[in-house]
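[1] Here's my sequence, what's the structure:
(chains A and B)
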Amino acid sequence: MSNYNPIWALAIFFFAVIVLFIFFQPVKGWFWILKKYFKNNEKTIIEDILKQLYHFENSGNKVNMKTLVQVLEYKNSSIVEAVKKMTINHLIYFESDILKLSEKGRDYALRIVRVHRLWERYLADKTGFSKTEWHNRAEMMEHKLNDDQTNMLATRLGNPKYDPHGDPIPTKTGKIAQIKGTELPLLPVNTVGIITHIEDEPQVIYKQILAENIHIGSLIKVIENNTTRIVFHSEGEAFKLAPIVAANLTVAPIEKEVIVEDNIARLSSLKEDETAKIIGISKESRGESRRRLLDLGFVKGAQVSIDLLNPLGEPHAYLIKGTSIALRKNQASKILIKKK
Amino acid sequence: MNQKNIDHIIELSNELRWQIGDDFHDTLTESMYANASNIVKNTVQNDNSKKRFQLDSKIDQIVTSKSFGFPIMFLILGLVLWLTIIGANYPSSLLANLLLDTIYPSLKSLALNIGMPWWLTGFLIDGVYLAVAWVIAVMLPPMAIFFPLFTLLEDFGYLPRVAFNLDALFKKSGAHGKQALTMSMGFGCNAAGVIATRIIDSPRERLIAILTNNFSLCNGRWPTQILIATIFIGALVPKSVSSLVALFAVIGIAVLGMVFMFGVSWALSKTVLKGEVSTFNLELPPYRPPRFWKTLYTSLIDRTLIVLWRAIVFAAPAGAVIWLISNINIGNESLAIWIIQSFDGFGFLLGLNGVILLAYIVAIPANEIVIPTILMLTVMVTGIAGGEGTGVLFELDSITDTAHILKAGGWTLLTAINLMLFSLLHNPCSTTIYTIYKETKSVKWTAFASIMPIIIGFIVTFLVAQFWRLLA
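    Numbering: from 1, shown residues only, chains lettered A, B, ... in the order given. Below you'll find the model as predicted:
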């Protein structure tokens, strides 16, 4: 203890803290980067190339080596190496300089897409990860699960048809449902429809959509549609989006025969002396929390009113079936009502 | 039926399920619920004349109002804590009188009369019996007061309103409003607080409440805080205000605990727990007159006795260990001295000393015996007069005498402050650790809950010590 000096002790401490931070800070920490670097083996690269080709071909785009190198975040040399190997294994072939998926390659790509979307479904239904994390977690998982594990996962989830963004999940046999509907900017004014798909890439735009609190499965009515903005009404609220953002929403127009409930609002918009009838629970409320709401009596046809306002603004207590239940704002916004 | 047919049927069912689509299951469940509620509406008759609303909603309007809600809450919680701390003094000293001053000497003389060897007397009576008696005397009365009071409030229906009022605050740190209740319960006993988290039905928020309950200053730690604050912090100011200043110092530590609770809750919900499922809902049950006797009975049996029993089970071996390390010699020093000397350097870095660190290790079973252990070890190390003998726990009635021993052990104001901080920020007692394991059924979370607070404690005391020495 003779050479002890508080300044030295502090200096060593802060040095250790900084080193730990550099290594383990989320995402950018050296530890994670190194881990990722060592995991980027050939299989991952091949699967990512297959997936990219699959998505490009589905949207009718042609891919040459140049675009492929641009979209993938791998070293150019490893991509070239992987492409070489894939042509030898007949996963892909070249038509002049355009890369094409072979039958075999397409099957493989579908399997990857299946794992990705199933895993997103799993994250949405069975875990508490936030929406913004689903995609990246599924990106990692799609390289890990083998066929048997994938089928077990599908069975456990009840063989779902769509992932939480509305993308169809390919079946075991490679069958794939179609997304119904068209991109929102292409719809004429006064169209009534249901949001069937919310694209989660690029993330910047996806985060904007989430911030707007737009829900999949919501009924909407297009009010205004021009080159600067698109306005639509949904569940008692007006939403204004830039066309580039709106392009990430797919809406299926509803045929005339279907009776459309108008005046649908969200429970979060209920005022103190109003009563309302519950129309249903939005698809955004999933898994455990959805079941809980049903258990508590938030079912179609039930009467609801406000019992108590919270001194801090939330949660408010709602009177349902003679019981007072407090719900937070983001939950109440997923319960659809019709005011009286 | 042959295999081919079965395969065909399974294939067909998969095909049909595919055609029906995703909504089917949801629609089915929802219509079942809706139908059930329709049947109830048509068949069950409600007596609508005496609606709950009149009186209940009056009370609700007051206890959740912007102006009265929070003052009422603080008043009630303060009253419960005050009744517990003040009210427990009398029965505690009575129990101490009986167990420590009457039964203990007579056990000793009995052992002497039947010719028990000294090491067996020491091990059983000075070690095991004394530690158990100590835990009972200090722990039982506050718990027997706190838990019934708390359960009465719960039974009346007031506590869910507290959770309702405070939920927005807890939501900011990713926690559940009901954590306000488990946190308050933790002021009585962390093990009971951990059990109380069963009222939180959302898995993520429940884990948060379990892992951060230790930041509530429990009953076993209040006396330590009060004693040290009186000796070292109260002495800084004129006599007339010294007890008030000491009290504020202790409250400050409790509030600091809450700050850590919120901070750690926030960090947990953003990192390791973000994948756990989170569902929120809070039922506000109607008020009802508390069932006094039933509440008293269940809170004594369910909470007090179970917790006390677990504490005794853990305190007995601790007493044995304390006696053994003080009486087993290696070379010419006892084991305790060797350990203390090896801890002294690290203890100094934290602004504490080897005695305190050893005391916190042997006192993992119960925070109640920290001060007696520190006193015993300090007397042993310094070799000053006082105490009851090596390995025998003791406490002094006179605060001046206690202060005298601690100062002889080299204690300064820094030691006192860091001890108070370390008493707040260290691993939970073994009863709580065991309870966390019982509730989470997970070794991982139990280990995390035990290690995380002590790392925070090391960091905080270390920083305080270095800055203190730099600036003072």
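[2] ok, longest helix in the chain?
    With no chain named, the answer covers chain A. Once chain A is assigned using DSSP state H, the helix that runs over the most residues is helix A:103-126.
[3] You answered for a different chain; I wanted chain B.
    Among the elements of type helix in chain B, defined by DSSP H, the one spanning the most residues is helix B:239-270.
[4] Okay, buried residues for it please.
    Using 16 or more other C-beta atoms under 10 Å in any protein chain shown as the burial criterion, the residues of helix B:239-270 that qualify are B:242, B:245-246, B:249-250, B:253-254, B:256-257, B:260-262, B:264-269. Bear in mind the C-beta positions are built from the backbone N, C-alpha and C, glycine included.
[5] thinking again about what came up before, helices or strands next to the longest helix of chain A in the packing?
    Taking 3 or more C-beta pairs under 8 Å, 6 or more residues apart in numbering or on different chains; DSSP states H and E as the contact definition, the neighbouring helices and strands of helix A:103-126 are helix A:42-58, helix A:131-141, helix A:147-156, helix A:287-295.
[6] which one of these lies closest to chain B?
    helix A:287-295 (3.9 Å; C-beta to the nearest C-beta).
[7] Check the secondary structure at B:Tyr297 for me.
    Applying DSSP: H, G, I helix; E, B strand; the rest coil to B:Tyr297 yields a three-state assignment of helix.
[8] Now do it: how many residues are near it, please.
    12 (other C-beta atoms under 10 Å in any protein chain shown).
[9] give me the number of residues near residue 131?
    Just going to use chain A. A:Lys131 has 18 neighbours, counted by other C-beta under 10 Å.
[10] The intended chain is chain B.
    For B:Ala131, the number of neighbouring residues by other C-beta under 10 Å comes to 30.
[11] which parts of the stretch 101-250 of chain A sit against chain B?
    When proximity is defined as C-beta under 8 Å from any C-beta of the partner chain, the stretch 101-250 of chain A approaches chain B at A:126-130, A:133, A:158-162, A:171, A:175, A:177.
[12] before we move on, the earlier item: name the helices or strands packed onto the longest helix of chain B?
    Using 3+ C-beta pairs under 8 Å, 6+ apart as the contact definition, the elements that helix B:239-270 packs against are helix B:159-172, helix B:179-188, helix B:203-212, helix B:222-228, helix B:413-424, helix B:443-471.
[13] got the contact list for the following helix or strand past the second one?
    In other words, helix B:179-188. Remark: after helix B:179-188, the chain's next helix or strand is helix B:190-196, criterion DSSP states H and E. Residues outside helix B:190-196 that contact it (C-beta atoms under 8 Å, 6 or more residues apart in numbering or on different chains) are B:143, B:147, B:181-183, B:185-187, B:210, B:213-214, B:216, B:218, B:303, B:307, B:310-311, B:428-429, B:431-432, B:434-436, B:439.
[14] ok now helix B:190-196, how far from the chain's centre?
    On the basis of C-alpha atoms, centre = their mean, to the nearest Å, the separation between the geometric centre of helix B:190-196 and that of its chain is 7 Å.
[15] try stretch B:332-351
    How far stretch B:332-351 lies from its chain's middle: 28 Å, per C-alpha atoms, centre = their mean.
[16] Run through who's touching it.
    Contacts of stretch B:332-351 (C-beta under 8 Å, 6+ apart): A:1, A:4, A:9, B:324-330, B:353-358, B:377, B:380-381, B:390, B:414-415, B:417-418, B:422, B:458, B:461-462, B:464-465, B:468.
[17] got a pLDDT number for B:Lys50?
    At B:Lys50 the predicted local distance difference test score is 56.
[18] Who are the contact partners of the nearest residue to A:Lys62 once chain neighbours are set aside?
    Nearest in space to A:Lys62, with sequence neighbours left out and distances taken as C-beta to C-beta, 6 or more residues apart in numbering or on different chains, is A:Ile98 at 5.0 Å. Applying C-beta under 8 Å, 6+ apart to A:Ile98 gives the contacts A:62-64.
[19] Quick check, the residue in the stretch 51-200 of chain B closest to chain A?
    Nearest to chain A, among the residues of the stretch 51-200 of chain B, is B:Ala168, at 3.7 Å (C-beta to the nearest C-beta).
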